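*Asks:* here is my input; please provide its structure:
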Amino acid sequence: MLEKLFKLKENGTDVKTEVLAGVTTFMTMAYILAVNPSILGDAGMNTNAVLLATAISSFIGCICMAFMANYPFALAPGMGLNAYFTYTVCIGMGVSWQTALLAVFAEGIIFIILSLTNVREAIFNAIPLTLKTAVSAGIGLFIAFIGLQNAKIVVNSDATLVTYQPFRANFSTEGITALLAIIGVIITAYLVIKKVKGDIFIGIIVTWALGMICQAIGIYVPNPEAGWYSLYPNFSAGWDFASLGETFGAVFKADFSEIGIANFIVVMFAFLFVDVFDTLGTLIGVASKADMLDKDGKLPRIKGALMADAVATTSGAVLGTSTVTTFVESASGVAAGGRTGLTAIVTGLLFLLSIVFSPLFLSIPSFATAPALIIVGFYMMCNVVKINFNDYIEAIPAYLTILFMPIMYSISEGIVIGVISYTVLVLITGKAKEKKLSPLMYVLSILFICKYIFL
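*Replies:* Sure, this is the predicted structure:
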């Protein structure tokens, strides 16, 4: 049955590989179960309800991706969008979280309409192949940077913005976890070199186990007041499943009077913009790494993938969470061999199971998943060799795309800069006809420039 549903042999995979890939993807995404409730809680939302909404909406998104597109891409409430939801819209603009959820819901409806009318598919196909390749490499740097931050290997610095972790300072917390993450990178890299099946997943487990050993012998010392918790799973605490009633359907209780229709539209389109181009960027990057793009740089069955994303966003808003989107961490599952929707189903089921076993999953520390992100970043950076650096019209926009993603901490900003620079360079050099520049690239460039002027 699984063969018939997901065409495993046709995609060069098997059930064992897909299951392992799905578990790997979940392990690198599980942090969202802890982070999303924390961020949306600052907006006044019940954190237990948000965790339930996060898990259920992720499950819905993954199932939709599996059956609508048969791709190994997983979905969950997006980082960045949840921060915009809380700190810009709710706290900064004084908007209630119910009204913010309505903006996400409205964005999801527009998203569905765009997917039905092929607008998003046309945008995907209009982006030149060289930029798609650059997006993959840029995402590689971006998620590697996230890994470095999650492990506290890289920390804030007033003088240089970022710097390395001073290991001797607070060694029993920041220092040892950063060191364990570095050891985890070495272990995972060794497994990759030796071509051990499940290398990334094993790397996560071994790094976590080393952390628990360090806690057992007193090298790592939990300090809950400073945000450093025990690495052991704690099953003593239960979950209040009834709390979901506080957020479920709250989207329909919004009060427009507190924000005004004009500001509501601005907020809605801000959510829509980031969602559309983060999703496109993730699909481009991960699909490129998995060699899923055809000879023309197009992604077969993209309409189903985009629709899955749109449905997940809409259902997530009803459940009570910010925008659900395709996660760049899906690349970890692809790197582990995932090629079909079975990978997404496994990830989705684990999100659903996390409601019951959340103490176990939430105990996986960020320093243990950081090596996976760093190594996956390497995998995705390998695509940079496909860029023709002898053609400066192609190479410079590609370089800017790669550069801006980690620096601006945004996949969508990298795409925006890449599209604008590519279009402008092609035009001023008179190469529009030679490069077969799509009319949609002109439209996108104008819209992106207006975004910087007016937003």
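
*Asks:* CA atoms for contacts and neighbours, from now on please.
*Replies:* Will do.

*Asks:* which sections of the stretch 1-150 of the chain are below the confidence cut-off?
*Replies:* Applying pLDDT under 70 to the stretch 1-150 of the chain picks out residues 80.

*Asks:* can you show me the strands along the stretch 51-200 of the chain?
*Replies:* Counting by DSSP state E, counting those that start in this stretch, the stretch 51-200 of the chain has strands at residues 75-77, 154-157, 161-164.

*Asks:* quick one: the first one to chain centroid distance?
*Replies:* So that's strand 75-77. Chain-centre distance of strand 75-77: 7 Å, with C-alpha atoms, centre = their mean, to the nearest Å.

*Asks:* that strand pairs with which strands?
*Replies:* Note on strand 75-77: by DSSP bridges, its sheet partners are strand 324-326 (antiparallel).

*Asks:* determine how far the strand it pairs with lies from the middle of the whole chain.
*Replies:* Centroid separation for strand 324-326 versus its chain: 7 Å, with C-alpha atoms, centre = their mean.

*Asks:* and the next element down the chain from that strand?
*Replies:* Sequence-wise, the next helix or strand downstream of strand 324-326 (DSSP states H and E) is helix 330-335.

*Asks:* could you export that next one as PDB, CA atoms only?
*Replies:* Below are the C-alpha coordinates for helix 330-335, written out as PDB (Å, rounded to 0.1, in the frame of the first residue of the first chain):
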ATOM      1  CA  SER A 330      13.100  19.600   6.100                       C
ATOM      2  CA  ALA A 331      16.500  19.600   4.500                       C
ATOM      3  CA  SER A 332      17.700  17.400   7.400                       C
ATOM      4  CA  GLY A 333      15.300  14.700   6.400                       C
ATOM      5  CA  VAL A 334      16.200  15.100   2.700                       C
ATOM      6  CA  ALA A 335      19.800  14.800   3.600                       C
END
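
*Asks:* so what's the residue nearest to the spatial centre of the chain closest to, chain neighbours aside?
*Replies:* Most central in the chain under C-alpha atoms, centre = their mean is F327, positioned 2.9 Å from the mean C-alpha point. Sequence neighbours aside, L75 is the residue nearest to F327 in space, at 5.4 Å (criterion: C-alpha to C-alpha, 6 or more residues apart in numbering).

*Asks:* thinking again about what came up before, does the residue nearest to the centre of the chain touch I284 like I think?
*Replies:* No. Under the criterion of C-alpha atoms under 8 Å, F327 makes no contact with I284, lying 11.9 Å away.

*Asks:* re earlier: tell me the contacts of the residue nearest to F327?
*Replies:* S58, F59, G61, C62, D309, A312, V324, T325, T326, F327 (C-alpha atoms under 8 Å, 6 or more residues apart in numbering).

*Asks:* repeat for I183
*Replies:* Applying C-alpha under 8 Å, 6+ apart, the residues near I183 are T207.

*Asks:* tell me the pLDDT of it.
*Replies:* Looking at I183, its pLDDT reads 96.

*Asks:* try V419
*Replies:* Among the per-residue scores, V419 holds a pLDDT of 90.

*Asks:* what's the local residue count around the closest residue in space to it that isn't next to it in sequence?
*Replies:* Nearest non-adjacent residue to V419, counting by C-alpha to C-alpha, 6+ apart: S445, 6.3 Å away. Neighbourhood size, S445 [other C-alpha atoms under 10 Å]: 20.

*Asks:* what's the answer for I176, then?
*Replies:* Around I176 there are 23 residues (other C-alpha under 10 Å).
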